[in-house]
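Asker: Could you work out the structure for the sequence below:
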Amino acid sequence: MELSFDQKIHFTFKNDYLFKWALQSEDEETQAVRNKILSLITGLDVIHSTVRNIELLPSNGDFKDMYLDILVETQNGTRIDMEMQSSSFGEDARNKAAGYLARLYSEQIKGTEPYRFKAAHQIIFVDVKSPSGHQLISHMKIQDENGDYLTDKMQSHIVYLPDINELLKSKSLEELSLVEAIVYLFENGKTDDTIELSRKYQEVAVLMDKEEKFNADERLRNQAESRERFRQMQAAHINDARNEGLAQGLAQGISVGEDRLSKLITKLIAENELTLIEKVAQDKNFRDQLYKDYHIE
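Answerer: Down below sits the predicted model:
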């Protein structure tokens, strides 16, 4: 979707910058809401969680990667690594989730005792409907041809935000569970309905307040606009990447293009050159010149 920044837009939890900013704090209120979300999505009884990558703009230039890296402790004392993000992967989310599980599995069978798997979960909120059109949350595990799970310690969970509106065709707003109410807020932002839900669920009230505070902060809004511009610009480097891919292999070429663009956007934001981002998206020659000026190979 093409966005216009001429008018002030209201950001919701679909914006990955807002998502991370709102859920990474370690104050008691935020941690309680984060633990509840993690528990409701994964089915685990999370009692404590710590975000390990609290920087909002990574210094390593990996501007495209905006997620929460979380260390979780459950009621029975188990420690679990989790990734959680509001993603722009859209319909590719299932492929990303499958790749995540495959990578975890392959990395852990390289040792001498492959049966001792380390627990890890991934949660992705996506702004597309599920393949069935009415599956709010999809849980993925690694299984064999008989349907038996090779391990349940590694799981990926996809939350299809638009499906919450499909769900409301068969149940009333008052009947929404807590997890459904949170998904409704993430999908629709603050509305009269979410205000009503916030009276029922304290967690919704906390999240809605964070959404409002974020939109009232000009600095955060500027960063969020930059994130949205970056998403729009991800398509701009495809031709560059494909051309490089003729010589290097398409997959490698696309990866090179993404890395170069990511580093360039990070530098422009660090120097507060936000107005140049849109021109970078539209003008390949200008983009190439900036690559040279910033010595981005």
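Asker: Can you give me the neighbour number for the closest residue to L185 other than its chain neighbours?
Answerer: Distances taken as Cβ to Cβ, 6 or more residues apart in numbering put T194 closest to L185, at 4.9 Å, once the chain neighbours are dropped. C-betas here are computed from N, CA, C, even on glycine. Per other Cβ atoms under 10 Å, the neighbour tally for T194 reads 23.
Asker: T194 and L173: what is the separation?
Answerer: Counting by Cβ to Cβ, to the nearest Å, the gap from T194 to L173 is 9 Å.
Asker: Please apply the same query to E55.
Answerer: 37 Å.
Asker: likewise Y105?
Answerer: 40 Å.
Asker: Neighbour count: those two, which is higher?
Answerer: Y105 (17 against 14).
Asker: Helix or strand for the more buried one, just tell me which one.
Answerer: With secondary structure defined by DSSP states H and E, Y105 is part of helix 93-108.
Asker: got it, and E145?
Answerer: Assigned by DSSP H and E, E145 belongs to neither a helix nor a strand.
Asker: Could you check how many residues crowd around it?
Answerer: 5.
Asker: thinking again about what came up before, the helix holding Y105 - what's its average pLDDT?
Answerer: For helix 93-108, mean pLDDT is 77.
Asker: Low-confidence stretches in the stretch 151-297 of the chain?
Answerer: Applying pLDDT under 70 to the stretch 151-297 of the chain flags residues 231-259, 262, 269-270, 272, 274-275, 277-278, 281-282.
Asker: hmm, try it at 50
Answerer: 242, 245-254 (pLDDT under 50).
Asker: quick one, helices of it?
Answerer: 163-167, 178-188, 192-200, 202-216, 218-233, 238-248, 250-270, 275-282, 284-293 (DSSP state H, counting those that start in this stretch).
Asker: Quick check: buried residues in the fourth one?
Answerer: By neighbour count, with 16 or more other Cβ atoms under 10 Å as the criterion, the buried positions of helix 202-216 are 203-208, 210-211, 214-215.
Asker: What ranges does the stretch 1-150 of the chain have for its helices?
Answerer: Using DSSP H, counting those that start in this stretch, helices in the stretch 1-150 of the chain cover 16-23, 28-42, 93-108.
Asker: Quick one: closest of those to E83.
Answerer: For those, the distance to E83 is smallest for helix 93-108, at 7.6 Å, taking Cβ to Cβ.
Asker: hmm, who's touching the closest one?
Answerer: Under the contact criterion Cβ atoms under 8 Å, 6 or more residues apart in numbering, helix 93-108 has outside partners 83, 87, 89, 114, 117-118, 120, 122, 124, 126, 128, 131, 138, 140-142, 150-151, 154-156, 158.
Asker: Kindly report the same for stretch 45-55.
Answerer: Contacts of stretch 45-55 (Cβ under 8 Å, 6+ apart): 23-24, 26, 31, 34-36, 38-39, 67-76, 82.
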